[in-house]
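A.B. asks: what's the 3D shape of this:
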Amino acid sequence: MVIQKCPIWGVDCSVSNPYGTPDIYLVEGSHRAGGDFEITADAVSEIDGTTEDDDKARITSLLVEQWIKGVDVPRLTGNDVQWAKSRSRLPMLDRAERVLRLLVSRSSYLGDILDFIDPNDRKALALGRDTSGLDTSHFEHALAWSEAINVEELGHITNYLAQRGLIQKGREISNSEGYSVWGTDGLYSCVVDVSGYSLIEEIQTNLDSSQCFVAMWFDDSMDGVYENGIKPAIKEAGFSPYRIDREDFAGKIDDEIVAQIRRSRFLVADATHGEDGARGGVYYEAGFAHGLGLPVIFTCRNDMIDKVHFDTRQFNHIVWENLDDLREQLTNRIGSVLGDGPNIEG
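C.D. replies: A predicted model of the protein is given here:
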């Protein structure tokens, strides 16, 4: 098999076979894919014929997850590609957090101005600038990290970051008609605000945490779900489960919930409930974790999935039938989203 372009996006890059095996390739310099990565022959076959940009964006997003976890050169397998194609698009808050994380990593100093140029965008060309000699890697990496399929999507995400005060406009650039091209047509110049740095530092601190906050219905009927399903799954993945109702603390419970979520690496939210209806606390805690940029893994017993609140139906839920099913699915999901936890024994 001879590969001459990026297997995902078909753009020019370097593809080599440095490992002495015909089944693994090293792809270097594909900015649209977000960076350098390895890919197996069966993954190439799975991707071959993929024409939908949505699918390509989800496959690319899987690579980004590995870079965020600290993997220098992630590897894509055939199973990875199949899973990426089947999953839902990332929630908007997660995509925005990724873009902010990228901007922070690319800023050399506080106040550094980052220019984003799309070499194929008509508005960029309307500026009268020769884009062929400009560094377009910021723009292409931002597309990859945000799971965006075009400049309009990226523009909406960056507008959201600006509205929250996490980034600011860098340079005022206008097109030939005098209209600013900074906005939903695409972000061309920005500066990360101090609040943006602070948010990423807070998220980064959580990356060192081994704690998983568990949000669920605290009813006696759910004790077995926790003890034989959720708790062992979290521990097998290398993390430590935390349930607020099983801990001693001084002060108000609301303050302790907020503090413990902030100390956690991620949150598991089980939407199973009784005849009294949905548990508002579960949705509040999941929403708060999302606002902090923490991964949230939703689970729900199969007979309750149709009753999940409409605000969270967009998220991919683990739908479980029994405790063994819950334990296996949750362990696998934690591993795929977060990798091995710090408590995994070598």
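A.B. asks: Let me see the ranges of the helices in this structure.
C.D. replies: Secondary structure of the chain (DSSP state H): helices located at 41-47, 53-68, 78-86, 92-106, 122-126, 137-146, 151-163, 194-207, 223-225, 231-236, 253-262, 280-291, 323-338.
A.B. asks: Single out the most deeply packed of these.
C.D. replies: helix 137-146 (a mean of 24; mean count of other CB atoms under 10 Å). Heads up, the C-betas are built off the backbone N, CA and C, glycines and all.
A.B. asks: what is the orientation angle of that helix with helix 151-163?
C.D. replies: Helix 137-146 runs at 90 degrees relative to helix 151-163, counting by axes from the mean of the first three to the mean of the last three CA atoms, to 10 degrees.
A.B. asks: what does the model give the most centrally placed residue in the chain for pLDDT?
C.D. replies: Residue closest to the average C-alpha location in the chain (CA atoms, centre = their mean): residue 94, at 5.0 Å. pLDDT, residue 94: 86.
A.B. asks: Number the residues from 324 up from this point.
C.D. replies: OK, 324 is where the count begins now, so the last one is residue 417.
A.B. asks: ok, now which ones touch it?
C.D. replies: Counting by CB atoms under 8 Å, 6 or more residues apart in numbering, residue 417 touches 613, 616, 618.
A.B. asks: Not counting its neighbours along the chain, what's nearest the first one?
C.D. replies: Meaning residue 613. Take residue 613 and drop its neighbours on the chain: the residue closest to it by CB to CB, 6 or more residues apart in numbering is residue 416, 5.2 Å away.
A.B. asks: mind listing what that neighbour touches?
C.D. replies: 613, 614, 616.
A.B. asks: Which of the helices of the chain comes out lowest on mean pLDDT?
C.D. replies: Among the helices of the chain, helix 445-449 has the lowest mean pLDDT, at a mean of 49.
A.B. asks: Kindly provide the distance from residue 622 to residue 663.
C.D. replies: To residue 663, residue 622 is 20 Å away according to CB to CB, to the nearest Å.
A.B. asks: Neighbour count for those two, which is higher?
C.D. replies: Using other CB atoms under 10 Å, the more surrounded residue of residue 622 and residue 663 is residue 622, with 23 against 13.
A.B. asks: hey, what's that one bridged with?
C.D. replies: Residues in a beta bridge with residue 622, per DSSP bridges, are residue 593, residue 641.
A.B. asks: how close does it sit to residue 469?
C.D. replies: Using CB to CB, residue 622 is found at 27 Å from residue 469.
A.B. asks: Check residue 548 too.
C.D. replies: As judged by CB to CB, residue 548 and residue 469 stand 35 Å apart.
A.B. asks: Same question for residue 393.
C.D. replies: In terms of CB to CB, residue 393 sits 20 Å off from residue 469.
A.B. asks: what do you get for residue 462?
C.D. replies: Distance from residue 462 to residue 469, by CB to CB: 11 Å.
A.B. asks: Residue 584 now?
C.D. replies: Separation of residue 584 from residue 469 (CB to CB): 25 Å.
A.B. asks: just residue 560 next, same as before
C.D. replies: Going from residue 560 to residue 469 by CB to CB gives 27 Å.
A.B. asks: Please apply the same query to residue 582.
C.D. replies: Counting by CB to CB, the gap from residue 582 to residue 469 is 30 Å.
A.B. asks: hang on, the earlier thing: TSV please, covering the contacts of residue 417 and showing distance to residue 351.
C.D. replies: Listed next are the contacts of residue 417 as TSV, based on distance: CB to CB, whole Å:
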residue	distance to residue 351
613	34
616	29
618	29
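A.B. asks: Out of these, the closest to residue 405 would be?
C.D. replies: Distance to residue 405, by CB to CB, is smallest for residue 618 among the contacts of residue 417, at 21.3 Å.
A.B. asks: Quick check: chain neighbours aside, which residue is closest to the closest one?
C.D. replies: Nearest non-adjacent residue to residue 618, counting by CB to CB, 6+ apart: residue 589, 4.2 Å away.
A.B. asks: correct me, but the one you found touches residue 616?
C.D. replies: No: look at residue 589 against residue 616 with CB atoms under 8 Å: they stay out of range, at 10.5 Å.
A.B. asks: So between the two, which is more surrounded?
C.D. replies: residue 589 (22 against 19).
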